[in-house]
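Trainee: what follows is a predicted structure for the sequence shown.
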Amino acid sequence: MDTDWIQQEQKLHNIHQKCLPEPLYYLSIVHLYINKQSHLVDTVKHEIQIKKSISKEEIITLVHKHKRETQVSQFILKDTLLFHIPVEPEDLSKFLQKSFDCNVFLKSFPIIENIDLPNSIFIFHQANTLFFVYYEEDKPSVKKLKSALKTDKTRATKRVRIKVPRHTRKQI
């Protein structure tokens, strides 16, 4: 039986105590699919179990698993964004002020890089999310390749005939 929610509720109830940053064990993953008209057409959300970071191999596996294609187009990964709130307990009061800049929590990552996830306060664990943004593009047209070997069956073999004169001596 899953009792994690009970522990989570007890932590929230005793929040008057100092909250220390804890490692993330699960991370929410959201795949966003945007069509040619820049409209969001679909989202897929799931969670993965993590340690301190997400390796580039895990990222590539996630991307290939959620890649989509139609007959005329395909969705290609263009952005990888991480929303992560690593606020320290001392800065929690600053975080609650309206003047606090929350844009620092959203970071873009190239796909060929590991993503390190620093510890964060347990309250923000559910908000930490990795976004994969796929954009629709036309499939490249595939031209039919011609064979290097000729397969033209209508051509007949050309035969060259040489007539040898019957008389090989010169007549005078």
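Mentor: Cool, the structure landed.

Trainee: ok, then the element right after the helix or strand bottoming out on mean pLDDT in the chain?
Mentor: Here the helix or strand of the chain ranked lowest by mean pLDDT, DSSP states H and E is helix 4-13, holding a mean of 64. Scanning forward in sequence from helix 4-13 by DSSP states H and E, the next helix or strand is strand 26-34.

Trainee: contacts for that following strand?
Mentor: 40-50, 54, 62, 66, 68, 75, 117, 125-126, 128-136 (Cβ atoms under 8 Å, 6 or more residues apart in numbering). The C-beta positions use only the backbone N, C-alpha and C, and glycine is treated the same way.

Trainee: one more time with 7 Å, if that's ok
Mentor: Identification of contacts with strand 26-34 by Cβ atoms under 7 Å, 6 or more residues apart in numbering yields 40-50, 62, 66, 68, 75, 117, 128-136.

Trainee: mind listing the strands for the chain?
Mentor: 26-34, 40-49, 53-54, 73-83, 106-108, 115-116, 129-138 (DSSP state E).

Trainee: need those strands in JSON lines (columns: mean neighbour count, mean pLDDT and distance to residue 3).
Mentor: As requested, those are arranged in JSON lines below (neighbours: other Cβ atoms under 10 Å; pLDDT from 0 to 100; distance: least, Cβ to Cβ, whole Å):
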{"stretch": "strand 26-34", "mean neighbour count": "17", "mean pLDDT": "89", "distance to residue 3": "15"}
{"stretch": "strand 40-49", "mean neighbour count": "11", "mean pLDDT": "87", "distance to residue 3": "17"}
{"stretch": "strand 53-54", "mean neighbour count": "17", "mean pLDDT": "80", "distance to residue 3": "27"}
{"stretch": "strand 73-83", "mean neighbour count": "16", "mean pLDDT": "85", "distance to residue 3": "28"}
{"stretch": "strand 106-108", "mean neighbour count": "11", "mean pLDDT": "79", "distance to residue 3": "33"}
{"stretch": "strand 115-116", "mean neighbour count": "16", "mean pLDDT": "80", "distance to residue 3": "29"}
{"stretch": "strand 129-138", "mean neighbour count": "17", "mean pLDDT": "88", "distance to residue 3": "24"}
